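*Asks:* Sequence first, then the predicted structure, then my questions.
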Amino acid sequence: MNSRLYQILLATVAIVFCYACAKQSSPMGGPKDEEPPQLIESNPPDQSLNIKPENITLEFDEFIKTDNPTRNIIITPSLEKDKMEILAVKNTLRIKLNQELEDSTTYVFNFQKSIQDISESNPATNLKLVFSTGDMIDSLKFSGNLAYVFPQKSSEIKDVLVGLYRVEDDTMNVFTDPPYYISQADSAGRFEITNIKAGEYRAYAFYDGNNTSKAEFKSERYGFITDTIRITKNISGVHFKLFRGDLSDFKINRSSSIGNNYDIVLSKEPSNLHVEHPDLGTKLFYRIEEKQIRLFHNDLRNDSTQIKLVATDSVGFKIDTTLYAAFMESERKAQTLQASLDNNKEFITSIKTKITFNKPITEVNYDSLYIQYDSASFIEIEPEYLSFKDSSRRTELYFDIPIIDSLNSNNFNFIAADSSFVDIEQEYNSTALKTSFKRLIEDDLADEISGKILTEELPIMVQLITTDGYVVKEVYLTEDTTYSFKKVKAGEYELRAIIDRNGNRQWDQGNYLEKRQPEPVYYYFDEENKTRKILLRGRWTRQDLNIEKSPESGLDKPNNSLIDSLDINSKPKETM
């Protein structure tokens, strides 16, 4: 090898060696690092008094990195995280606060899983830094658990925060500002806020999917304690039930003539709607599609008529108004009649289904409605088998067609030929509706399930639901808390009881502004197997499937002496 080539080779080896030494990386080989980073020291030290640091540093026994520190580091009382600078350099975490701290206040930095080692992302565990700007460390605690009113698909609780707001901050609430004290619930729904200063607070829990430390009432579930909480000693046994309650204004956005009809567009979908007019159900009909109400009149043209409208939304806000609806002559083409069949495809003694239309139906041609059970055998569908859920809407047509036991078939085809239905605008269904039904045999049915709802409150809606939430059977209890469901298809189910406190036969959400909690929903829970699921097999009878009460949002009874009732009329209304 000549000297020139030898010099080039030495230079190349030197460059590679220097690059390898300079590059920060995990060592090759050896056992996997399973140890989390250990804190060596912090500045300020934990439990420090009478300090107002501008910077915080934490030194660890190995190189570290951060995982979304703005979200994962919980600071109480809350600071403006967007002003802070958080940086991991080698084995040190540096935090520049860039804001003033309050006097005589205990601050807690809960790092959760935000600090990890570089090699295997092992998070530092149980890492907190506590210090006070005064001469004492506040030590009061507020703890409990939370759950959703209607359980989510995943049993794990994620991204749910619990917050305390000082009563003296009248204009601050869970929808407008971050809490003064805050904590994140664990995957089982347990939470604890520590180092609280004695005082009066309002308490909330909320899902914070967008990391704003505030609840979005249109899209995120939340819960609240109705009364002011006076914290003078540790409080445990706190419960939150999270629900979705849209507190935006409920109003009429616009109303106008559309073709021959009249449209009313609301700001959100109504939960209940009442229309008053002398022609309602005879000449005047309406349909609802989400936020839109369309009025149809089959002979009033080039004129207006007075109509009373009362609508209530899901949180109880009400529209009560009278308007003049104009039905004008128009050459605009009528909307095509559309129809869809219910998904239920099984029956025991009678075929029960419904057809949903996009417009009110005024005529049914029974000659083209029938059930076929073999190539040449048919069952005629009689008028008494049909009913409309609401005669003033006529958009949901229910069928209850008895099938005699002697028919030697378990498969039946429902057929509604084209032109079977005529709507208020004289449009026909242009295509046939067809679906098949299967008769369940006795061996595929559980004989009965029964039990009690362990509460004294009535009325109660008891529902047997599939694991994906479809209501299979329902009973409404008004005199006794004992329920029974007979002849149920084998499979997995859940049982729930809705306490219908206002007697309207539906579940009602809470209203934060009115300090009204949602109606309670209790689920059957199998303590032995730790599941809500109920397995039913053919010919089974299951008794004593009792549904126990679960806590509503509030405190356990031993803590009631710590609650002062909040007179909402004595304070300014909380701004949204």
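*Replies:* Now that the structure is in, tell me what you want to look at.
*Asks:* mind checking the end-to-end distance for stretch 103-114?
*Replies:* End-to-end distance of stretch 103-114 (C-alpha to C-alpha, to the nearest Å): 28 Å.
*Asks:* which residues are contacting it?
*Replies:* Here stretch 103-114 makes contact (C-beta atoms under 8 Å, 6 or more residues apart in numbering) with 56, 66-69, 72-77, 95, 101, 123-124, 127-138, 183-184, 194-195, 197. C-beta here means a position set from N, CA and C on the backbone, and glycine is covered the same way.
*Asks:* Narrow those residues to those in helices?
*Replies:* 69, 72 (DSSP state H).
*Asks:* Can you go through the contacts of stretch 103-114 and name the buried ones?
*Replies:* 56, 66, 69, 72-77, 95, 101, 123-124, 127, 129-133, 137-138, 183-184, 194-195, 197 (16 or more other C-beta atoms under 10 Å).
*Asks:* from those, which ones fall inside strands?
*Replies:* 56, 66, 74-76, 95, 129-132, 183-184, 194-195 (DSSP state E).
*Asks:* of those, closest to residue 535?
*Replies:* Closest approach to residue 535 among these (C-beta to C-beta): residue 184, at 35.2 Å.
*Asks:* so who does that closest one touch?
*Replies:* 74, 112, 159, 160, 161, 162, 191 are the contacts of residue 184 under C-beta under 8 Å, 6+ apart.
*Asks:* quick one: pLDDT of the fourth one?
*Replies:* Just to be clear, that refers to residue 160. In this prediction, residue 160 carries a pLDDT score of 95.
*Asks:* Could you measure from the residue lying closest to it once chain neighbours are set aside over to residue 196?
*Replies:* Distance criterion C-beta to C-beta, 6 or more residues apart in numbering; nearest residue to residue 160, sequence neighbours excluded, is residue 185 at 4.6 Å. Distance, residue 185 to residue 196, by C-beta to C-beta, to the nearest Å: 17 Å.
*Asks:* tell me which element residue 255 falls in.
*Replies:* Residue 255 belongs to strand 252-258 when elements are defined using DSSP states H and E.
*Asks:* name the helices or strands packed onto that strand?
*Replies:* Strand 252-258 sits against strand 261-266, strand 318-327, with contacts defined as 3 or more C-beta pairs under 8 Å, 6 or more residues apart in numbering; DSSP states H and E.
*Asks:* circling back to that earlier point, among the ones in strands among the buried ones among the contacts of stretch 103-114, which one sits closest to residue 423?
*Replies:* Closest to residue 423, out of all of those and judged by C-beta to C-beta, is residue 184, at 53.3 Å.
*Asks:* how far away is that closest one from residue 499?
*Replies:* Where residue 499 is concerned, residue 184 sits at a distance of 30 Å (C-beta to C-beta).
*Asks:* Next: residue 93.
*Replies:* 49 Å.
*Asks:* Same drill for those two, tell me which one is more crowded.
*Replies:* residue 93 (26 against 19; other C-beta atoms under 10 Å).
*Asks:* ok, for that one, nearest residue in space, not its chain neighbours?
*Replies:* residue 58 (4.4 Å).
*Asks:* In three-state terms, label that neighbour for me.
*Replies:* strand (DSSP: H, G, I helix; E, B strand; the rest coil).
*Asks:* Need the phi and psi values for the closest residue to residue 70 other than its chain neighbours.
*Replies:* Closest residue in space to residue 70, ignoring its immediate chain neighbours: residue 81 at 5.0 Å, by C-beta to C-beta, 6+ apart. The phi/psi pair for residue 81 (degrees, to the nearest 10) reads phi -70, psi -30.
*Asks:* How about residue 443?
*Replies:* Torsion angles, degrees, to the nearest 10, at residue 443: phi -70, psi -10.
*Asks:* got it, and residue 82?
*Replies:* phi -70, psi -10.
*Asks:* Also the one 5 residues further on?
*Replies:* In terms of degrees, to the nearest 10, the main-chain angles of residue 87 are phi -140, psi 130.
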